[in-house]
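Enquirer: Make a model of this:
(chains A and B)
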Amino acid sequence: MLRLPTFTYHRPKTAAEAVRLASEHGKEAMYVAGGTDLYPNMKRRHQVPTQVISLQDVPGLHDVEVHGSGGVRIGAMVRLTKLEHHAHLKQHYPGFAHAVREISTPLLRNMGPIGGNLLLDTRCTYYDQSHEWRESIDFCMKKDGAICWVAPGSPRCWAVQSSDTVPVLCAMEAEVELVGADGTRRIKCDELYRDDGIVYLTKRPEELLTKVFLPPPGAWKASYLKLRRRDTYDFPILGVGACLWLDGDGVVTKANVRLGGAGSYAIPATETEKLLVGNQLTDERIAAAGSAAMKPARTMDNTDLDVYWRRKVAPVYVARALAACR
Amino acid sequence: MVLDDPTTRPAPRSRARTDAPWQHDVEQDDLEHIGKPIRKVDARSKVSGLTRFADDLTLPRMLHMKLLRSTVAHAEIVHIDTRQAAALPGVKGVLTGKDLPIPFGILPVSQDEHALCPDRVRFVGDPVVAIAATEEETAWNACRLVEVEYRELRTIGGIHEAAANDEPRLHDYGVRGNIHRLENLEFGDLADGFAKADHVRQDTFFFEGNTHLPMEQHATLAHFDKDGKLTVWSSTQTPHYLHKALARTLHPLPAHHIRVIACPNGGGFGGKSDPFNHEIAAAKMSMLTGRPVKIALTREEVFWCHRGRHPVLMRAKVGVSKTGRITALDFHSYLDGGAYGSYGTASTFYTGALQTVTYAVDNYHFRGARFFTNKAPCGPKRGHGTPQPRFALEVQLDKIACDLGLDPARIRLDNLAPRDSLTANFLRIGSMGLGTCIEKVVAGSGWNTRRGKLGRQKNGRYRGLGLACSSYLSGAGLPIYWNGMPHSGVQLKLDRSGLVTAFCGSTDIGQGSDSVLGWIIGEVLGIDPLGIKVVTADTDLTPVDLGSYSSRVTVMTGNAAMQAAERARDIVADGVAAKLGVPAGRLVFAAERVFDSEDPAKGMTWQEAVCAAEAKSGTIGTVGSYSPPPSAAKFRGGGVGPSPSYSYSAAVVEVEVDAETGIYTVPKVWMAHDIGRALNAAVAMGQIEGSVYMGLGEAMMEEMAYRDRTHKGNRIFVHKIPSLLEYKSPTTLEMPEVVTYVVEDPDRNGPFGAKEVGQGPLLPMMPAVANAIFDAVGVRVDEVPVSFEKVFAALQAKQAGKEPRFGPANDATGVPAVDFGESLKIKTPWQGGDGTAWNEPKREKKAAK
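Expert: Just a heads-up that it's a prediction; the model follows:
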């Protein structure tokens, strides 16, 4: 990893000014929130913005607001550490709070805010490498090259969705607010992402993610289970976000299951969801639902650990995440 | 074979304290400092961030250097065009292989490296061009402007490929094809040994390579001044060897115009023991530009420097009696050496040297082959060449115990090599505390009641215990280049202020060698060790010490320091005796005073004593030096393995396995280490815990894995994960609770009885983890790392009714077919052998310089 390249650092005082700067500089500009993703990428010359726009002085992005309904609005610049220890979140959104705690290390969570985690760059062991290393493989299509090394015949990039909060927020049907040059829009978390390793966001580059909205607590339970080699630092090689709506008899009325770390976006495990709806969460039902999960997944040899092993243990992890919703 | 009568040895001073971790055994007798948990002499600077590492240094007008490295694994260099790079504003110097034509290498027999590749690159990361500029970024940008035209050659990607492909040869020296070394040593009568066996097992193992991962990335600052003198500050463990390599490659610059200063190392573990291309290139660049030149390697470049653990395939056949007593061992090792020789010749021998030092092996055959491949060069990492065969032997013993229904601890105790004996391969064992080590960890872990009985836990996971042992050298018996000079020298200067300054070439790599000097000298002179000034690792100022490798410093530097201090004490005693009118033999040196043992009130302060001595004898300076005892092994290859003494270790590891996924954790480790005597129990325990940590990483996850792809007809062969995030190493969360037992069996060759500390306890971790997995879930992983997916694969095999094992094919196909030629045949001591091979061709004896 090299030292940082030279760049101009901006500290706009309003969201509008930030968006204006980003629009003005176009491809030369990038936002920085905590810097825990962007700066390492810049040191590896993945992303080389000459204009870096800090969001730390933008007002209104730094608070957690609990509404009367119990629903929560989280500013995009709220540090993960604050969310991890937030009493209301811990009590009413334990699945989400757990996902936050699973992100990297306390040091990184002290710097990194929720907005940055939602927009985390997709990862790949052919991409997250120094310039020299990538030069030795003649680069890849995500940066400076033409080929996808994981699937050389593929026209697309298969870099991996690697945020811990995204699968569970999508499953919970959380929403986000985006501020652009021509106004503000609020979309479902699911709608923020695309199935592509390079253009993995539907957000326009100058659009600013400002808020995250958690739905009010109700007859649903969410969980997150992360597979990785070490219990700290490591990005997920599978992140199961599950949210189940249950009726009074413990019958599942609705199920959202998202697989992180298994493709370029948090993939819906639709077969699993179908097997759950209308049924109680018996051990057998959970095991069957777990086994069906990996059909839509695109697990490839571009993360840590063996790809075949990851596919084989995934059903166990999905089942455990579902069991946690009981 | 008993060398001397044990009854003449000093009575053992161990006290029976079986259940006392965090204690050490030797009674403190009358020692003032030795054994006490005194802080290190450099501790406060380190923890307060004041220590200046190589990358912290700057000089006026300093340039920054970057290396352009090969992006292909194996190729001839057709053409290099540096014109555009040289024209970039800010660029002050450009070097290519033409500027540094003299090859170098750590061993005289493998001078096969160039600071910058002149005509051939041998792995992705081999340096080709060096560029210095006023800014580091400019130097990096300039590297991108260099055009290198390569003609690619077939890549040799590993042990089997190297054995199967003689062409293209990576080097035009070696045995043949891509075989760098072949060794074939036979001790005793193998046929007879196997004939006597009641049970014979043959197993195949693989130990993947891994790297040192020091926190500090290598850095070098070189300054060639206007008086024609070159100074090089570097993060090196071996300033003397770097000095030699600089003198060789910068010829005709005279050696005495070169000064090497080893900066404090932010971790070395063997990875900073070779002279490196970037060090030589920085020196040359400073000579070219007339300005100071610094290079600080990136983390990726540290992976290219490597010199870490060799990947080794092993096939071992062992015969045992009904009671588990070893009758014969036939051991094959196949090493993937990477692109260069480095320490590889020694590494090859080390894969066969120390099997006999833990357990008595009456008949022993070792065959070793090292191959050149297009990977970053392998070399010495903590345990140098011995952890791989240790893994094989300790897992195999566990299997034998299982086959015969014996307790794995018992089988080891029954096979212990005797103290004060010669092994089959003529290694001289002195003190030997392995039995005590085993007893400690067996008692501590509840082995006798818990092994095989832990089974399924409330959380659904399975627990198990595994045991393994090891031995390691207290320094190599022979230097790296043939010479008759001491291995370590210490000079002392005594000043009128009472200051004692110790000068020594040894290098503190965090292990505490500077402090060892202070403690020993302080003990001999009866003064505060923290008041002693220690000047080390500066070739202009300090006498030669061969370097901080092979756990040699405490014993070798320690003995040299002791000799210098005793000589100083004699001079001071002489002066004090004259002044007090007391016989010198009656004087006691303690508590910063020199006094009459019969009348303690009669005496003087240390400072007064030094003044009295200087008045009587003139300026006070003394020297001490140390050379290891001569080796009993006279056969070719017998130079690797002998040591003044051997440390011993035993470990019990507890694991908890999730049988659904193969994921496991290590909740607790019990580690006992016989180090002869702890010079400082706290620092010794730190070394032991560090070994547990590093061994755990090798056991569970660390590996130098390579990406092997084909693109546009060319093979791409590059380290898979050269980053601190993706090269997986344990964190604090993976670190288990460690119960440490410091076992003290004093050795006659060590200062105050001290032996090696801190390499040996790494070794049992890998086999103990594998053995514990077996105890927990009944599957064998015959490969390191014992990663989750391998445990899972073995569990799946078990479920499918197949052999519950993961590892290389356990038959002739598991290892390459290599013709090792005729063995050197050596009669064992009990066959009346004299340490020579009876069929060895006569060699011309080289005269020692």
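Enquirer: who's in contact with the regular element (helix or strand) spanning residue B:149?
Expert: Assigned by DSSP states H and E, residue B:149 falls within strand B:147-152. For strand B:147-152, contacts defined as CB atoms under 8 Å, 6 or more residues apart in numbering or on different chains pick out B:68, B:70, B:72, B:74-81, B:84, B:121, B:128-129, B:714. (C-beta placed from N, C-alpha, C; glycine too.)
Enquirer: please redo it, this time with the cut-off set to 6 Å
Expert: Identification of contacts with strand B:147-152 by CB atoms under 6 Å, 6 or more residues apart in numbering or on different chains yields B:72, B:75-76, B:78-81, B:128, B:714.
Enquirer: Quick check: buried residues in it?
Expert: Neighbour counts over strand B:147-152 (16 or more other CB atoms under 10 Å in any protein chain shown) mark B:148, B:150 as buried.
Enquirer: Neighbouring strands of it in the sheet, and parallel or not?
Expert: The sheet places strand B:147-152 alongside strand B:75-81 (antiparallel), with pairing taken from DSSP bridges.
Enquirer: Just the CA trace of the partner strand, in CSV.
Expert: Extracted in CSV, the C-alpha atoms of strand B:75-81 (Å, rounded to 0.1, in the frame of the first residue of the first chain):
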residue,chain,number,x,y,z
ALA,B,75,11.2,-14.1,-17.8
GLU,B,76,14.3,-12.8,-19.5
ILE,B,77,14.7,-9.1,-19.6
VAL,B,78,15.0,-8.1,-23.2
HIS,B,79,15.2,-4.3,-22.8
ILE,B,80,14.8,-1.6,-20.2
ASP,B,81,14.0,1.9,-21.2
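Enquirer: Selecting buried members of the contacts of strand B:147-152 in ChimeraX, what would you type?
Expert: Those of these that count as buried under 16+ other CB under 10 Å are selected in ChimeraX with:
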select /B:72,75,80,128
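Enquirer: SS state for the residue in the stretch 151-300 of chain B positioned nearest to chain A?
Expert: Nearest residue of the stretch 151-300 of chain B to chain A: residue B:300, at 4.6 Å (CB to the nearest CB). The three-state label given to residue B:300 by DSSP: H, G, I helix; E, B strand; the rest coil is helix.
Enquirer: My read is that it contacts residue B:724, right?
Expert: No - counting by CB atoms under 6 Å, residue B:300 stays clear of residue B:724, with 9.9 Å between them.
Enquirer: ok, and for stretch A:40-56, which residues are buried?
Expert: Quick answer for stretch A:40-56 (16+ other CB under 10 Å): A:40-47, A:49, A:51-53, A:55.
Enquirer: pretty sure residue B:259 is in a strand, no?
Expert: Yes - applying three-state DSSP, one finds residue B:259 inside a strand.
Enquirer: excluding its backbone neighbours, what's nearest whichever residue of the stretch 201-326 of chain A sits closest to chain B?
Expert: Residue nearest to chain B within the stretch 201-326 of chain A: residue A:309 (3.7 Å; CB to the nearest CB). In this structure, residue A:309 finds its nearest non-sequential neighbour in residue B:789, 3.7 Å apart by CB to CB, 6 or more residues apart in numbering or on different chains.
Enquirer: Could you list every helix and strand in contact with the helix or strand containing the one you found?
Expert: Residue B:789 is located in helix B:788-799, with elements delineated by DSSP H and E. Helix B:788-799 sits against strand B:805-806, with contacts defined as 3 or more CB pairs under 6 Å, 6 or more residues apart in numbering or on different chains; DSSP states H and E.
Enquirer: now what about the strand it packs on, what contacts it?
Expert: Under CB under 6 Å, 6+ apart, the answer for strand B:805-806 is B:780-781, B:790, B:793-794.
Enquirer: Could you pull out the helices in the stretch 1-150 of chain B for me?
Expert: Taking DSSP state H, counting those that start in this stretch to define them, one finds helices in the stretch 1-150 of chain B at B:43-47, B:83-87, B:136-144.
Enquirer: Quick check: which element contains residue A:65?
Expert: strand A:64-66.
Enquirer: Can you name the residues of the stretch 101-250 of chain A sitting close to chain B?
Expert: Counting by CB under 6 Å from any CB of the partner chain, the stretch 101-250 of chain A comes close to chain B at A:130, A:135-137, A:229-232.
Enquirer: residue contacts, residue 269?
Expert: Going with chain A. By CB under 6 Å, 6+ apart, the contact set of residue A:269 is A:257, A:259, A:293.
Enquirer: my bad, chain B
Expert: Residues in contact with residue B:269 (CB under 6 Å, 6+ apart) are B:212, B:381-382.
Enquirer: Most neighbours out of these, which is it?
Expert: Tallying neighbours with other CB atoms under 10 Å in any protein chain shown puts residue B:381 at the head of these, with 29 neighbours.
Enquirer: now the buried residues of stretch A:40-56 as JSON lines including secondary structure and distance to chain B?
Expert: As requested, the buried residues of stretch A:40-56 are exported to JSON lines (DSSP: H, G, I helix; E, B strand; the rest coil; distance: CB to the nearest CB, whole Å):
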{"residue": "A:40", "secondary structure": "helix", "distance to chain B": "9"}
{"residue": "A:41", "secondary structure": "helix", "distance to chain B": "12"}
{"residue": "A:42", "secondary structure": "helix", "distance to chain B": "12"}
{"residue": "A:43", "secondary structure": "helix", "distance to chain B": "9"}
{"residue": "A:44", "secondary structure": "coil", "distance to chain B": "9"}
{"residue": "A:45", "secondary structure": "coil", "distance to chain B": "9"}
{"residue": "A:46", "secondary structure": "coil", "distance to chain B": "13"}
{"residue": "A:47", "secondary structure": "coil", "distance to chain B": "16"}
{"residue": "A:49", "secondary structure": "coil", "distance to chain B": "16"}
{"residue": "A:51", "secondary structure": "strand", "distance to chain B": "18"}
{"residue": "A:52", "secondary structure": "strand", "distance to chain B": "16"}
{"residue": "A:53", "secondary structure": "strand", "distance to chain B": "22"}
{"residue": "A:55", "secondary structure": "coil", "distance to chain B": "25"}
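Enquirer: Tell me what angle the strand or helix carrying residue B:650 forms with helix B:788-799.
Expert: In this assignment (DSSP H and E), residue B:650 forms part of strand B:646-657. Using axes from the mean of the first three to the mean of the last three CA atoms, to 10 degrees, the inter-axis angle of strand B:646-657 relative to helix B:788-799 is 70 degrees.
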